[in-house]
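Colleague: how does the following fold in three dimensions:
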Amino acid sequence: MNYMREEYNKCGGINMYLDKEITFFNEKVKTGEEAIRKLARKFMENNLVKDTFCEAVINREVAYPTGLSVNGKGIAIPHTDSIHIIKPQIGFMSLKEPVIFKNMVDKNDEIKVNVIFMLGLKKSEEQVQMLQKLVDMFQNEELLNEIISCTNISEFKAIMKKANIS
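Modeller: The predicted structure follows:
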């Protein structure tokens, strides 16, 4: 059955990166680390990652920040190495109030982030492809505004489909 489901996903069915629906809308957190921990907890609850995942994401975020500003909007894409991943998945969180993430280009610069996409991907080529798809989506101001104002999973999945991520 799982094999059939994965084949279905490859053929354009429900995207396996979004199938566990790890999403938070209009969430209130105090820090970027708190947001990462909340998303990572959902990954753990769904048996998608190893117990080393959360700390690995936090440690990687310190060494290689993922905050970026696109069209004046703050976005973070925390992730870590594939050794911490059991099954590929993407998590999403939109924030009621922005939190600070360090800029991926300049660690000394801080970015107020309202949107977080946490990646849990098994292969480095998957990570590169997904990062490119996400950046393409962020550069589309209409899609980016839709993602920021999105309030439920069906709306989120529809936007991701428009962005060719599902």
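Colleague: residue ranges with poor pLDDT in the protein?
Modeller: For the chain, the stretches flagged by pLDDT under 70 are 1-15, 166.
Colleague: longest helix anywhere in it?
Modeller: Ranked by residue count under DSSP state H, the longest helix found in the chain is helix 124-139.
Colleague: pull the CA atoms of it into PDB?
Modeller: Output in PDB follows, covering the C-alpha atoms of helix 124-139 (Å, rounded to 0.1, in the frame of the first residue of the first chain):
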ATOM      1  CA  SER A 124      20.800  16.800  -1.300                       C
ATOM      2  CA  GLU A 125      19.400  17.100  -4.800                       C
ATOM      3  CA  GLU A 126      15.900  17.200  -3.400                       C
ATOM      4  CA  GLN A 127      17.000  20.000  -1.100                       C
ATOM      5  CA  VAL A 128      18.500  22.100  -3.900                       C
ATOM      6  CA  GLN A 129      15.400  21.600  -6.100                       C
ATOM      7  CA  MET A 130      13.000  22.500  -3.300                       C
ATOM      8  CA  LEU A 131      15.000  25.500  -2.300                       C
ATOM      9  CA  GLN A 132      14.900  26.700  -5.900                       C
ATOM     10  CA  LYS A 133      11.100  26.100  -6.200                       C
ATOM     11  CA  LEU A 134      10.600  28.000  -2.900                       C
ATOM     12  CA  VAL A 135      12.700  30.900  -4.000                       C
ATOM     13  CA  ASP A 136      10.800  31.100  -7.300                       C
ATOM     14  CA  MET A 137       7.600  31.100  -5.300                       C
ATOM     15  CA  PHE A 138       8.900  33.900  -3.000                       C
ATOM     16  CA  GLN A 139       9.800  36.000  -6.000                       C
END
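Colleague: just the element for the residue nearest the centre of the chain, please.
Modeller: The chain has residue 117 as the residue nearest its centroid, 1.9 Å off, counting by C-alpha atoms, centre = their mean. Per DSSP states H and E: residue 117 is located in strand 110-120.
Colleague: quick one: buried residues of that strand?
Modeller: 111, 113-120 (16 or more other C-beta atoms under 10 Å). Backbone N, C-alpha and C define where each C-beta goes, glycine included.
Colleague: export the residues you listed as CSV, with columns for distance to residue 102.
Modeller: Formatted as CSV, these follow (distance: C-beta to C-beta, whole Å):
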residue, distance to residue 102
111, 7
113, 10
114, 16
115, 16
116, 14
117, 16
118, 16
119, 17
120, 21
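Colleague: which one among the residues you listed gets closest to residue 34?
Modeller: residue 116 (10.9 Å; C-beta to C-beta).
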